[in-house]
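Colleague: can't give you the sequence, but here's the structure:
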C-alpha cells in the first residue's frame, strides 16, 4: 500500500532517537520509497495525458480523487524521507561536535555486531554492509567536520566543543580508564596509565574525558 | 553573589562601572536571554565580542607570564585568574552553542528574510548558508535527485503547509521588569493587562514579551 514503506522509515528514525548507536542505513527502503514516488508521478502523468492540460476536476471527480491521493502520497513519502535523513544527520552532527571519528566508529560498530572481526573498514567503501552510514552520509560527515572546523577557527581562544557543564573547579580528580600515553601540561608531562588517578587541570584533559580515556571523579 | 545580584545591580544608564565589568554583565545577560527565549536574538553589534576576545587573549598572556613565577602568592593569584578565565570562556561557549543550536534547528527560517538574516553574525551566516547547502546536497544525492522536478524543493508552501519550520513564538518565558510599565498579554479567551512595577517577575508568551525586552523595559530570566 502507498506509504507503508515511508512509515517504516519514520519508525526507524524514531527508534534511532533512543538508540546509543546509529543503526545501518536502510538503502533498500529508501530506494523503494523513491521508486514509489516515481511510479506515482508516472501514474499522474498517464492519467492527465488524455486531457491535454484542460482537466476539469468538477466534471470527472473520480480521476480528480485519484490524482489528489497520488499527489498526497508523493508528498508524504517525501516528508518521510526527509525526516529519516534529518534524524540521521542530526545524530551524525552531534557525534561530530563531540569529537568522535564518526566514519571509523560506524565501521567498528557493525564489525562488532555481526562478529566480523577481520578489520574490513567501511571507509570509502560503497558496500553498505560494512558501515552503518551510506556513502552519502560519510561524505556529509566529512564536509560537516570541515565546516565545523572552519567555524571554530573564528574563535581561537575558546574551545567550542568543550564541556557545556559550568566549570566549578580548576582542578579535578580523574581516573584513567584506558592507556592514553603521555600528555603535556603546564606543570610538566604526566603519563596516563590505566587505573591510575590524577589531580589535573580540567582544561588539559577535557578532550580525553570526552573520548572516554578518563573518568571524572566527583 | 550570584548572577541575580549581578544583574540587579545593572542600571543601563550608569557608567560608573568599569567597561570590563559592564561587558561581562552584557555578556551574561545576552547569554541568559539567548538560553531562555525560543527564537534567535540579535547578535550584539556594538563590538562586544571583539572586546571580549581581546580580554580573553590578555588574560591568557597574563597567565603565561605568571606561570614562570614560583612565588606562592602569585601562584594563588594565578589559580584565581585561571578559574575566572575558564568561567568566562564557558559563558561565551555556552552562548555561541545556544545560538548555533537554534540556527541549526530552523536554518531555512533564519535565512529566508533579510530582517532575520541580520540577526546572525557574519560567521554564523556563513555557517548557516554552508550547512543548509550541505544538507540539501546530501538529500539530493540520497534521494531527491530521482524525484520529479516539481517535488525537489525544500521550501514548498503548497497545500497550506510550509516546509520551512519556524520556532514557536508563543512559548512562555519568565521576565523581570526593569522599569514600571504596562504589561499586556494575549490570553486564550481574553487579553489581559497589568501595571507592572520595577522588579516584578511575570510569565508571558514570548510574542508579547519581545517588545518589552527590545525596549529594555524587561529582561528574560
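Modeller: Looks like it came in fine. These numbers come from a predicted model, not from an experiment. Residues are numbered from 1 along each chain as shown, chains lettered A, B, ... in the order given.

Colleague: just the pLDDT for residue 130.
Modeller: Unless you meant another one, I'm taking chain A. Looking at residue A:130, its pLDDT is 51.

Colleague: ah, no, chain B please
Modeller: Turning to residue B:130, the model gives it a pLDDT of 87.

Colleague: can you check residue B:149 too?
Modeller: The model reports residue B:149 with a pLDDT of 69.

Colleague: thinking residue B:152 is in contact with residue B:144, fair?
Modeller: Yes - if you go by C-beta atoms under 8 Å, residue B:152 and residue B:144 touch, sitting 5.4 Å apart. Quick note: C-beta positions are derived from backbone N, CA and C, even for glycine.

Colleague: neighbour count winner among the two?
Modeller: residue B:144 (20 against 15; other C-beta atoms under 10 Å in any protein chain shown).

Colleague: okay, the more buried one and residue A:29: tell me how far apart.
Modeller: 16 Å (C-beta to C-beta, to the nearest Å).

Colleague: could you pick out the longest helix of chain B?
Modeller: Among the segments of chain B that qualify as a helix by DSSP state H, the longest is helix B:72-105.

Colleague: what distance do you get for the residue nearest the centre of chain A to residue A:25?
Modeller: Chain A has residue A:92 as the residue nearest its centroid, 2.9 Å off, counting by C-alpha atoms, centre = their mean. Separation of residue A:92 from residue A:25 (C-beta to C-beta): 11 Å.

Colleague: anything in contact with each of these two?
Modeller: Residues touching both residue A:92 and residue A:25 (C-beta atoms under 8 Å, 6 or more residues apart in numbering or on different chains): A:133, A:137.

Colleague: residues touching the residue lying closest to residue B:172 once chain neighbours are set aside, list them.
Modeller: In space, and not counting its chain neighbours, residue B:172 is closest to residue B:203: 5.4 Å by C-beta to C-beta, 6 or more residues apart in numbering or on different chains. Contact partners of residue B:203, counting by C-beta under 8 Å, 6+ apart, are B:172, B:173, B:174, B:175.

Colleague: buried ones among those residues?
Modeller: Among the contacts of residue B:203, those that count as buried by neighbour count (16 or more other C-beta atoms under 10 Å in any protein chain shown) are B:173, B:175.

Colleague: let's have the contacts of residue B:203 in TSV, adding secondary structure.
Modeller: What follows is the contacts of residue B:203, written out as TSV (DSSP: H, G, I helix; E, B strand; the rest coil):
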residue	secondary structure
B:172	strand
B:173	strand
B:174	strand
B:175	strand
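
Colleague: can you add pLDDT and give the contacts of residue B:203 back as a markdown table?
Modeller: Shown next, in a markdown table, are the contacts of residue B:203 (pLDDT from 0 to 100):
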| residue | pLDDT |
| --- | --- |
| B:172 | 84 |
| B:173 | 85 |
| B:174 | 87 |
| B:175 | 85 |
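
Colleague: between the contacts of residue B:203, which is nearest chain A?
Modeller: Lowest distance from chain A to the contacts of residue B:203 (C-beta to the nearest C-beta) belongs to residue B:174, with 19.8 Å.

Colleague: helices and strands of the chain: which one has the lowest mean pLDDT?
Modeller: Since no chain was named, I'll use chain A. helix A:102-113 (a mean of 53; mean pLDDT, DSSP states H and E).

Colleague: now the following helix or strand past that one against helix B:72-105, angle please.
Modeller: Once the chain leaves helix A:102-113, the next helix or strand it forms, by DSSP states H and E, is helix A:135-153. Inter-element angle recorded for helix A:135-153 and helix B:72-105: 140 degrees (by axes from the mean of the first three to the mean of the last three C-alpha atoms, to 10 degrees).

Colleague: ok so, going back, and the residue nearest to the centre of chain A, which helix or strand is it part of?
Modeller: Short version, using DSSP H and E: residue A:92 is in helix A:61-98.

Colleague: show me what contacts residue B:83?
Modeller: Residues near residue B:83 by C-beta under 8 Å, 6+ apart: A:167, A:169, A:170.

Colleague: buried subset of those?
Modeller: The buried subset of the contacts of residue B:83 - by 16+ other C-beta under 10 Å - is A:167, A:170.

Colleague: this completes my enquiry, with thanks.
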